[in-house]
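[1] okay, structure incoming, though there's no sequence with it:
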């Protein structure tokens, strides 16, 4: 099943979350192998879990406003 995120909205390459104070929401997948985080700069980061402090996430940008909440579907 394709992911509903439309990559055509990505206009710039997002940078990593540099300020933890800007993180709005965090969610771990039901399987427990992924963590997603959103921030107030319209970005979403997807991490493998557990992750090392030096791990680099997959970053997505393109929301029109700050992502206030984030969640995985029940069946991941």
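    Good, I have the coordinates. Computed from a predicted structure; not experimentally measured.
[2] where do the strands sit along this protein?
    Secondary structure of the chain, counting by DSSP state E: strands at 23-28, 34-39, 43-48, 58-61.
[3] now do the second one against strand 23-28, angle only.
    Per axes from the mean of the first three to the mean of the last three C-alpha atoms, to 10 degrees, the angle that strand 34-39 makes with strand 23-28 is 170 degrees.
[4] strand 34-39 pairs with which strands?
    Neighbouring strands of strand 34-39 in its sheet, by DSSP bridges, are strand 23-28 (antiparallel), strand 43-48 (antiparallel).
[5] which one of the ones you listed lies closest to residue 71?
    Between residue 71 and the strands paired with strand 34-39, the shortest separation by C-beta to C-beta is 5.3 Å, and it involves strand 23-28. Backbone N, C-alpha and C define where each C-beta goes, glycine included.
[6] average model confidence for that closest one?
    Per-residue pLDDT values over strand 23-28 give a mean of 91.
[7] thanks a lot, catch you later.
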